[in-house]
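Colleague: No letters, just coordinates:
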């Protein structure tokens with residue numbers, strides 16, 4: 001795939017932080033990532049990682065309360081950058097830890113998945129207005 005010379009915003013989406021919205025989000029992410037030339041396997045991994053972050057925001061940041069999530073996808077050269085912002089109380093990134101993979105039980109392995117699939121992932125300082133901002137980077141070149 002040929003590297004692009006400039007940065008480009010591919011998607012900007014704001015949606016209610018509810019599980020019934022995630023199918024629409026997955027479909028939009030899949031469409032935009034495939035258009036960038038990602039393989040089917042890589043596209044599926046990226047969609048899964050974005051979905052996992054959204055589920056974590058719904059479950060852990062908002063804890064069942066109403067709220068919104070903003071998703072932005074940008075292409076920066078050979079990198080796809082995924083920014084997910086919520087407006088929930090600030091999260092202490094030091095407290096967001098995956099459980100031990102030897103502890104076999106449902107749930108709790110999303111952060112392992114995200115870090116395995118993406119080239120970089122973590123909390124960054126959110127823009128003014130509070131909340132949390134989680135950014136993931138996937139190299140596609």
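Modeller: Nice, thanks for sending it over. All figures in this text were calculated on a predicted structure; none of them were measured in a lab. Numbers count the residues shown, from 1 in each chain.
Colleague: For residue 132, list the residues it contacts.
Modeller: Counting by CB atoms under 8 Å, 6 or more residues apart in numbering, residue 132 makes contact with 57, 61, 85-86, 88, 90-91, 123, 126. In short, each C-beta sits where N, CA and C put it, glycine included.
Colleague: can you map out the strands along this structure?
Modeller: With strands called from DSSP state E, the chain shows them at 8-16, 68-76, 79-86, 120-124, 132-139.
Colleague: Could you single out the most deeply buried of the ones you listed?
Modeller: Scoring the strands of the chain by mean neighbour count under mean count of other CB atoms under 10 Å gives strand 79-86 as the most buried, with a mean of 21.
Colleague: neighbouring contacts of it?
Modeller: Contact partners of strand 79-86, identified using CB under 8 Å, 6+ apart, comprise 10, 17, 29, 33, 36, 38, 46, 49-50, 53-54, 57, 61-62, 67-75, 119, 126-127, 131-141.
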